[in-house]
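Visitor: Here's my sequence, what's the structure:
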Amino acid sequence: MRINQLPLAGFSLRRTFLLYIVLAYAVVAAGTWFAFSWSAGRISARYASRYSVSQGELERNRVLSLVDRELALSRKLADDPSIRAWMLAESDPALRKAAMAQLESYRHFLHDGTWFLAIESGGSYWARNPALPAPVRTTLSPGNAADRWFYAALRDGRDYSLNVDHNAMLGENRLWINVLVRDDGGRPIGLAGCGMDLTAFLDALVAHEEGGVTTVVIDRTGALMAYRDRDLIAHNAEVKRDAEKIDIYSFLPAAPDRERLRSSLSTAAVGRKPGVFELTVGTTRELCAVSSLPELGWYGLVFVDAGRIIGLADFIPMALVTLASLLVILASVIAGLSLLIVAPIRSLTVAAGRVAGGAYDVVLPEIPRNEIGHLASSFNAMTLKVKEYTSGLEGQVAARTRELLDANERLQASQTRIMDSIHYARLIQDSILPSRADLDASLAGHFEIVRPRDPVGGDFFFFRAMADGFCLAVADCTGHGVPGAFMTMMAKAHLDRIVEAEGAATPSDMIRELDRLVRESLKGEAAVAHLENGLDIALCRYRASSSSLEFSGGGLPLFLWKDGALTEVPGDRTHLGFSGTRRGRTWTDRIVDVSGGARVYLVSDGVFDLPGGKNGLPFGRARLRSLIEKIAPLSFGQTEAAVTAALDDYRGSCSQRDDLTFIGFGIRGREA
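Guide: Purely as a prediction, here's the structure:
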């Protein structure tokens, strides 16, 4: 039977596709708008930041271009021999004539044609501007507050300085360049320089055609030197005390912003760029770029309102184009899906329904070779296979069932061999533990609880009787199961070798040698160099000749019960092995007083970490101390049962997370 196009009642794939695409479009459009807004904001902020920096450099160069030429002429004027000679002998008519001729010559080259000369010896102040037919003279006095600038400049000794000032004699506000004049011996003899018209200076600096940009020039104290409000500059020019001048900090209401600006000025003063930062100026949050003018002792500040330079509104046309493009794409996708996917899939769905009803002779029409065409070809091949399989299905099921049973039997046999090997490994691992006869021969009493988490584990305890006593240790190796068991075999072999060769050594010496041997044994190729393996150990060495017990630990402590009190003797925090542990690989020997029936207890981390209780929390140090205090008065035979019951009761239904070892013993010759 051939299927061309059959109606599908009660279900519309096209409607589902349309709903899905519209929802996807809405999500993509929302995400696109969010990403667009975020990107536009970042672009705007970055552009405003770079604009602030470039504008700051531009304003700096504009200031320097205005002042550098006048400063150079003023320094040359102050160094002129004829002018200095007259300042040293002001009453000499010939020297005065020569000096005035030179001053007039300089005046023709000065930007505003204004010069001044202040002589320290007599306090004379000479000046001329283009409005005066001849130089005018007045006398400066240290007692006059308006003249203090002159005497302060002489005391300061700086080669030059710039300030905005009101000159009462000339009756105008100007930017003055004050250059210190020295005699041949370097002694200050007065000041000389020029003045620039403040109105033109301000217009050149702070006039901006762009909105949202403000330029401010300040001195070292923050006082305004150039600003768009000329009344503020005129005020600063007329007052003489720094405290009465209006500074930039008065525009910043927030104390953190004022401190941020002071820090940036300090950074710029040493030649580093402080970068662009935000400040609240009045009620507006603006970007600020700082540039230093070390030649003038000033700073240039450029404040930029980023929202007025470039804002999200500038990106709206691009956003509208993007949304329109998405709508066109949406319409194209819907039309393409209806033609190329929805209609063929409806035919395929109808055919599948017929096959489900048992009509295996359904054949789909040939479709162009695309994904839908491949799907139709696969469907036709499937119907043929179904017809073939239905005839011999029972035989195939029986064959597959036999294969699964055989595989299951092989898997069961393999598991049995593995578990037999692991149980045999447990027997081997148990064989390396000390025998009860050896312990009874050297100890006054003892108990041992060794519980690996798996059939084999990474904990073991070590005992070796020696001519003058014994050596006993508890070790916790890296890993559980088979890997941990391999580590215990290696560590036990090394301990046997160390005790055999260095029986007279202290516990710390034995641990140090064990650490060396373990790290040397675990030194692998590059493929396994990243693995970290090692062990923790608590090692005791009893010497009968001195009746002393020496202890050293690497990650594990010793607990001592003596005279009705429990004492914890901590081990060092340095673990053994572990290639990552490089610094401070030292272990300390501690002498433990075991006289008077003392008992010693050693445990691995598995005791501390044993989960249990209502919340599955670790057993912990406090519970362990409390347990030892309860069992210490009991005989060693009773102790083992009491410890086992206490640990089992606490663990309850929780699974053991780590291998566990708990050992207690007394010294022979003492009351156990």
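
Visitor: so how far is residue 287 from residue 278?
Guide: Distance, residue 278 to residue 287, using Cβ to Cβ, to the nearest Å: 6 Å. C-beta here means a position set from N, CA and C on the backbone, and glycine is covered the same way.

Visitor: okay, these two: which has more neighbours?
Guide: Between residue 278 and residue 287, residue 287 has the larger neighbour count (other Cβ atoms under 10 Å), namely 22 against 14.

Visitor: hang on, that one packs against residue 306?
Guide: Yes - assessed by Cβ atoms under 8 Å, residue 287 is found in contact with residue 306 at 5.8 Å.

Visitor: The stretch 301-450 of the chain: strands as residue ranges?
Guide: All strands of the stretch 301-450 of the chain, identified by DSSP state E, counting those that start in this stretch, fall at 443-451.

Visitor: Could you pull out the buried residues of stretch 144-151?
Guide: For stretch 144-151, burial by neighbour count (16 or more other Cβ atoms under 10 Å) applies to 147, 149-151.

Visitor: CA atoms only: put it into CSV for me.
Guide: Extracted in CSV, the C-alpha atoms of stretch 144-151 (Å, rounded to 0.1, in the frame of the first residue of the first chain):
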residue,chain,number,x,y,z
ASN,A,144,50.9,94.3,54.1
ALA,A,145,48.7,91.2,53.7
ALA,A,146,48.4,91.8,50.0
ASP,A,147,52.2,91.7,49.6
ARG,A,148,52.9,88.5,51.5
TRP,A,149,53.0,86.5,48.3
PHE,A,150,56.3,88.2,47.4
TYR,A,151,58.1,87.5,50.7
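
Visitor: what's in contact with that stretch?
Guide: For stretch 144-151, contacts defined as Cβ atoms under 8 Å, 6 or more residues apart in numbering pick out 118, 125, 140-142, 163, 165, 168, 178, 191, 240.

Visitor: Stretch 407-419 now?
Guide: Residues outside stretch 407-419 that contact it (Cβ under 8 Å, 6+ apart): residue 455.

Visitor: Could you provide the buried residues of stretch 144-151 in JSON lines, with additional columns for distance to residue 108 and secondary structure?
Guide: Listed next are those as JSON lines, based on distance: Cβ to Cβ, whole Å; DSSP: H, G, I helix; E, B strand; the rest coil:
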{"residue": "147", "distance to residue 108": "29", "secondary structure": "helix"}
{"residue": "149", "distance to residue 108": "27", "secondary structure": "helix"}
{"residue": "150", "distance to residue 108": "26", "secondary structure": "helix"}
{"residue": "151", "distance to residue 108": "31", "secondary structure": "helix"}
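
Visitor: any idea which of those is closest to residue 491?
Guide: residue 149 (86.1 Å; Cβ to Cβ).

Visitor: Tell me the spacing between that closest one and residue 615.
Guide: 79 Å.

Visitor: same check, this time on residue 180
Guide: 81 Å.

Visitor: Then residue 402?
Guide: Between residue 402 and residue 615 the computed distance is 51 Å (Cβ to Cβ).

Visitor: With neighbour numbers in mind, choose between the two.
Guide: Shown here are residue 402 and residue 615; by other Cβ under 10 Å, residue 402 has more neighbours (10 against 7).

Visitor: List the contacts of the more buried one.
Guide: Contacts of residue 402 by Cβ under 8 Å, 6+ apart: none found.
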